[in-house]
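*Asks:* sequence and predicted structure are below.
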Amino acid sequence: MATTRLIPMHKIRNQSVAYTVQERIDYAVNPDKTLGTELVTAYGCDPATAANEMLLTKRAYADYTGREIPENDVLLYQIRQSFKPGEITPELAQKIGYELAMSWTKGKHQFVVATHIDHAHIHTHIIYNSTCMDGKHKYRNFLGSSFALRRASDKLCLENNLSVVENPKTGKTHYGKWLGDKKAPSFQDKLRLAIDAALAEKPKDYQAFLKLMADAGYEYKAGKQPAFKGPGQKKFTRLRSLKDGYSEGDILAVIVGEKQLSPERKKAKKIQNQHINLLVDIQAKLAEGKGAGYARWAQGFNLKQMAMKKRKKRRKKKTGKHRRKKKRQPIALIRFYDRKERDGFSSLRRSRSSAHSIGQRPIRSVPGERAASSGTELFGGLGISPNKRFCGAKRQSVYHSALLASFVLWYLCYLIPCTFLYSRNPIP
């Protein structure tokens with residue numbers, strides 16, 4: 001079983017391109033992690049001079065195209081292939097990594113393959129140059145490259161009788177977190193266990209405690225920040241970085257008997273969201289001496305707060321179906337307003353005709369206020385401006401008037417002149 005990841009490598013901040021390439025390759029071919037570079041192979045270059053050869057390829061590309069390396073350019077690509085603990089040997093992992101690099105780059109890019117065995121899970125680092133060996137093209141990452149890389153890796157694992165991940169889950173979770181409780185304890189966890197074991201023997205003083213730690217294989221460094229270094233560690237681990245009560249003062253307190261050191265890590269307390277009541281207690285305020293005016297204001301304020309709470313609850317309950325209905329709502333409103341406008345104009349005609357039939361004088365407004373009065377009568381309850389929108393009945397009357405005017409123009413400009421000319425010069 002192998003998990004893969006494709007990582008673009010940019011220039012390190014405040015560093016040169018040459019330093020970045022050398023630093024990335026040096027990390028991969030670390031002799032302490034690759035059995036003295038026995039688990040290192042390369043293609044198109046030598047592992048010892050891989051960085052310089054890749055830089056020469058980039059210089060050939062710049063000379064051919066006339067383009068300098070931009071600041072945010074991808075210099076290298078790294079393929080990280082991690083295998084299940086205890087399922088594969090370092091030699092087989094190195095072989096699969098080389099085949100994967102060759103199939104992925106099609107033999108057009110320089111690459112270095114290094115297998116690391118410093119962790120419980122064997123993993124391979126494949127670093128290949130973003131520039132082709134011919135110095136004319138560059139590798140361009142594409143959408144779905146991680147999926148294609150995983151398929152190529154699974155194919156090689158099946159060919160070598162290894163298991164594959166049947167239902168992979170994509171994410172940015174670190175491999176150590178993905179392992180969970182199955183992962184190997186870190187140096188800090190080992191140091192905590194060693195300190196707990198030394199304190200369990202109840203040393204008399206701090207010097208006796210240091211002697212017990214030295215017997216366990218830990219080297220002590222005194223100073224402002226005391227630290228320990230265990231077997232297999234390169235750097236010292238400060239006591240203050242352990243936290244959870246493992247500082248020098250806490251250890252002295254445990255030795256004296258003033259404090260008990262708990263080996264369990266402290267769990268972060270969850271801060272519960274406190275419910276804030278925005279409603280005003282009217283009776284309590286009246287008892288404090290508030291008057292009737294304050295009571296009326298508080299009553300209105302409480303009603304507004306309750307209405308806002310209900311509105312928030314309704315918004316939370318809305319689903320996608322309600323949102324789709326909301327998108328169709330403006331069309332329904334337009335149809336409703338058109339119908340209301342037609343009804344308003346028909347009622348206005350009926351009122352004017354009834355006024356003429358009875359003999360009453362129809363109400364006339366000032367010419368400047370005619371549009372405003374008609375808009376108030378027809379659109380006052382609808383919220384629509386008459387200057388921006390014509391109703392259906394008004395549109396129909398405009399269409400009829402335009403049709404009549406066109407007919408009159410046709411009659412005057414075409415039919416009458418043709419008739420007159422025909423009468424003067426009849427066709428034989």
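*Replies:* Nice, thanks for sending it over. Please read these numbers as outputs of a predicted model, since none were measured by experiment.
*Asks:* look up how far V74 lies from A28.
*Replies:* A28 sits 17 Å away from V74, taking CB to CB, to the nearest Å as the criterion. No exception for glycine: its C-beta is placed from N, CA and C like everyone else's.
*Asks:* quick check: next helix or strand after the lowest-mean-pLDDT helix or strand in the chain?
*Replies:* Lowest on mean pLDDT, DSSP states H and E among the helices and strands of the chain sits helix 370-379, with a mean of 43. Using DSSP states H and E, the helix or strand that follows helix 370-379 in sequence is helix 392-410.
*Asks:* compare neighbour counts for A28 and V74 and give me the winner.
*Replies:* Counted by other CB atoms under 10 Å, A28 and V74 do not tie: A28 has more neighbours, with 22 against 16.
*Asks:* my read: that one touches H123, true?
*Replies:* No: using CB atoms under 8 Å, A28 makes no contact with H123, being 10.9 Å away.
*Asks:* how about low-confidence regions in the chain?
*Replies:* Along the chain, segments meeting pLDDT under 70 span 1, 168-183, 261-280, 316-396, 415, 420-428.
*Asks:* domain assignment for it?
*Replies:* Following automatic domain parsing, one gets these domains for the chain: 2-179, 187-256, 373-428.
*Asks:* would you turn those domains into a markdown table with distance to R314?
*Replies:* Formatted as a markdown table, the domains of the chain follow (distance: least, CB to CB, whole Å):
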| stretch | distance to R314 |
| --- | --- |
| domain 2-179 | 35 |
| domain 187-256 | 46 |
| domain 373-428 | 23 |
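*Asks:* can you tell which of the ones you listed is closest to A284?
*Replies:* Comparing the domains of the chain against A284 with CB to CB, the closest turns out to be domain 373-428 (42.6 Å).
*Asks:* quick one, helices of the chain?
*Replies:* For the chain, the helices defined by DSSP state H cover 17-28, 50-65, 90-105, 145-159, 175-179, 187-200, 206-215, 248-256, 282-288, 292-317, 320-358, 370-379, 392-410, 416-424.
*Asks:* which ones are touching V40?
*Replies:* Listed by CB atoms under 8 Å, 6 or more residues apart in numbering, the contact set of V40 reads 28-29, 34, 47, 112-115.
*Asks:* mind doing that once more with 7 Å?
*Replies:* For V40, the contacting residues are 29, 34, 47, 112, 114, by CB atoms under 7 Å, 6 or more residues apart in numbering.
*Asks:* tell me the two of these that are most distant?
*Replies:* T34 and V112 (10.7 Å).
*Asks:* these two - which one has more neighbours?
*Replies:* Per other CB under 10 Å, whichever of T34 and V112 has more neighbours is V112, with 27 against 21.
*Asks:* give me the distance between that one and Y43.
*Replies:* Note on V112: its distance to Y43, by CB to CB, is 8 Å.
*Asks:* now do T124
*Replies:* From T124 to Y43 the distance is 14 Å (CB to CB).
*Asks:* between these two, which is the more surrounded one?
*Replies:* Neighbours were counted for T124 and for Y43 using other CB under 10 Å; T124 has more, 26 against 17.
*Asks:* enumerate the beta-bridge partners assigned to the more buried one.
*Replies:* Q81, T115 (DSSP bridges).
*Asks:* what about the nearest residue to A197 once chain neighbours are set aside, neighbour count?
*Replies:* Setting aside the residues directly before and after it, A197 is nearest to A216 in space (CB to CB, 6 or more residues apart in numbering), at 7.1 Å. A216 has 17 neighbouring residues, counting by other CB under 10 Å.
*Asks:* A216 is in contact with A194, isn't it?
*Replies:* Yes: using CB atoms under 7 Å, A216 is in contact with A194, at 5.0 Å.
*Asks:* the domains of the chain: which one's closest to G289?
*Replies:* Going by CB to CB, the one of the domains of the chain nearest G289 is domain 373-428, 45.6 Å.
*Asks:* do I have it right that Q22 meets A51?
*Replies:* Yes: the criterion here is CB under 7 Å, and Q22 meets it with A51 at 4.3 Å.
*Asks:* which of the two has more neighbours?
*Replies:* Neighbour totals were compared for Q22 and A51, and A51 leads with 24 against 17 (other CB under 10 Å).
*Asks:* which residues touch that one?
*Replies:* A51 is in contact with 21-22, 25, counting by CB under 7 Å, 6+ apart.
*Asks:* from D196, how far off is D189?
*Replies:* For D189 relative to D196 (CB to CB), the value is 11 Å.
*Asks:* hmm, I was thinking of R296
*Replies:* As defined by CB to CB, R296 lies at a distance of 67 Å from D196.
*Asks:* neighbour count winner among these two?
*Replies:* D196 (14 against 11).
*Asks:* from M213, how far out is that one?
*Replies:* Relative to M213, and taking CB to CB, D196 is found at 11 Å.
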